[in-house]
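Asks: below is the structure, and that's it, no one-letter string:
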C-alpha cells in the first residue's frame, strides 16, 4: 500500500522520508514565507512521527520486511521473470498479517468527508484473515459515526494529522485552515467522549502523541479517554499526561520505552539493509552513518524529553524557534520536492554524502514490487542531473525510465534505482505485470 499523509498543499510519505511541498522554486528554510514555512513544519511533524514513535518505527520496519521477503522469494524461485504486484497468497514471513494490521490500525486517510458533526464513537473487533495462526484473531478498531450517516474508521493516520494540525496552529504565524477530517478528528473524538478534556487542546495533543507509542493508536486514544472521563482526569498541564508513559507496559510485562527502543533498533537494521556493500564498505559508510545518526537522535529526543512537542509550542513561532532549529540541525530533513519536482535536503550537522536519497530509490522499487508501478518517479530528477552534468553519462530516457527502469542496473553508469537493483542482486531478474 502506497500510503501518504496529505495536507492542503503538501504530503508526506511515511517510512520513506519524503515530503512534497507545493512551493515554487528553491526550498531554503531560511527564506520561506511564513505560509510556506507552516507547510514545511506540518510535514516535518510527520517525519518526527516516523522516527520518534513506536507506530512510525514499526511502519518503517514492516515495509523493510516486505521488501526483504519478496527479494529473497525471487531468489528462491530462481525465475528470471516474476509477476507483480508481488502479493503472497499465504502469510509467508507474516507479510499479509502485517499489512492487514497496518490497514486496520491506520484507519481512513483518504476520504471525501470534510466535516464531523454529531460525533458518536464505537469500538468493534475486526477479524484478521491471517491472525489465528499468530494468536491474533482480531484487533479492536474505532469507528466514528458523524453527520448522521457518515461512518469513518479512526486510527493512526487521523491521529497523526490531528497532531500536525494542532502543532501548526500553535506554532505558525500563518497557516491554512483544514477540514475536520482528518485534521481535527482527535479533537472531535475527545469532545464526543469527554467534552471538558476536548476543550483543552494541548491535552488532546499530548494524549494523541502518547497513543502513537502503541501499536493500535486509535484504540489506545479512545480507551484512555474513557478511563480519564471515568476518573475525571483532565490535568491543567498537558505534560502530566506524558507521565503516564513512564509506567506503561506492552505485552503485559515490557516497559514502553524499552519496547520503543527495541523497535527503533529493528527499524535501524531494516533501513541499513537497503544499502550495504560488504566488499566496499566505503560506499555505504555515509548512508549507514546517517541511519545511526537519525535513529540515535530520535531515541534520545523521545526518551529524555517525551513531551518535546509541547516544548516546541512553548518556544514558538517555529520559524524562529531555537529548539525546532536544533531538532532540524540534529536530524536533517526528509527529501523535499517542490512544484517543479526538484529535490532538496538539509543534512544533519556533520553528515555528508548520499543518505536520505537512498530511500527515494527504495520507495520506487517498493512500488514496482508491491503495486506493479513501473514509472520511475526519479526520472525528472535524473533528467535535471544529466542536463547539469552530462559528463557523468547518466542519460535517462523515457523508454527505459518510465517503462523498464530496472534495465538501468545492467548499464555502465548506474542511476539511483539501477544502483540499488544491482546492489540487491536483482540485475538478472525482471518484473512482468500480472495479466
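Replies: Ah, there it is. Note that this is a predicted model, so its numbers are computed, not measured.
Asks: tell me the secondary structure at the most far-flung residue of the chain relative to its centre.
Replies: Most distant residue from the mean C-alpha position of the chain: residue 391, 36.2 Å away (Cα atoms, centre = their mean). Following DSSP: H, G, I helix; E, B strand; the rest coil, residue 391 is assigned to helix.
Asks: what secondary structure does residue 139 sit in?
Replies: Assignment for residue 139 (three-state DSSP): strand.
Asks: now do the same contact list for it.
Replies: Listed by Cβ atoms under 8 Å, 6 or more residues apart in numbering, the contact set of residue 139 reads 101, 104, 105, 125, 126, 128, 131, 216, 219. Backbone N, C-alpha and C define where each C-beta goes, glycine included.
Asks: go with 7 Å
Replies: 101, 104, 126, 128, 216 (Cβ atoms under 7 Å, 6 or more residues apart in numbering).
Asks: and the third one, how many neighbours?
Replies: When you say that, I think you mean residue 126. 16 (other Cβ atoms under 10 Å).
Asks: what pairs with it across the strands?
Replies: residue 139 (DSSP bridges).
Asks: now residue 141: how far from residue 79?
Replies: Distance, residue 141 to residue 79, by Cβ to Cβ, to the nearest Å: 39 Å.
Asks: which one's more surrounded, those two?
Replies: Counted by other Cβ under 10 Å, residue 141 and residue 79 do not tie: residue 141 has more neighbours, with 20 against 9.
Asks: look up the pLDDT of the more buried one for me, please.
Replies: As predicted, residue 141 sits at a pLDDT of 98.
Asks: which residues in this protein form strands?
Replies: 5-7, 10-13, 18-21, 81-84, 120-127, 138-146, 150-154, 249-250, 254-255, 335-337, 343-344, 430-433 (DSSP state E).
Asks: tell me which residues of stretch 23-32 are tucked away?
Replies: 23, 27, 29, 32 (16 or more other Cβ atoms under 10 Å).
Asks: which residues sit in contact with the residue lying closest to residue 291 once chain neighbours are set aside?
Replies: In space, and not counting its chain neighbours, residue 291 is closest to residue 271: 4.7 Å by Cβ to Cβ, 6 or more residues apart in numbering. For residue 271, the contact set (Cβ under 7 Å, 6+ apart) comprises 60, 64, 291.
Asks: and those, which is closest to residue 367?
Replies: Distance ranking of the contacts of residue 271 against residue 367, using Cβ to Cβ, places residue 64 first at 15.0 Å.
Asks: which other helices and strands does the lengthiest helix in the chain contact?
Replies: Assignment by DSSP state H gives helix 54-77 as the longest helix of the chain. The contact analysis (3 or more Cβ pairs under 7 Å, 6 or more residues apart in numbering; DSSP states H and E) places helix 54-77 against helix 34-52, helix 95-106, helix 256-273.
Asks: give me the distance between the residue nearest to residue 291 and residue 105.
Replies: Taking Cβ to Cβ, one finds residue 271 at 21 Å from residue 105.
Asks: please apply the same query to residue 193.
Replies: 19 Å.
Asks: for the longest helix of the chain, buried residues please.
Replies: 54-71, 74.
Asks: any idea of the angle it forms with helix 34-52?
Replies: Following axes from the mean of the first three to the mean of the last three Cα atoms, to 10 degrees, one obtains 70 degrees for the angle between helix 54-77 and helix 34-52.
Asks: what's the pLDDT at residue 85?
Replies: pLDDT recorded at residue 85 is 98.
Asks: list the contacts for it?
Replies: 370, 371, 372, 434.
Asks: now do the same contact list for the residue farthest from the centre of the chain.
Replies: Per Cβ under 7 Å, 6+ apart, neighbours of residue 391: none.
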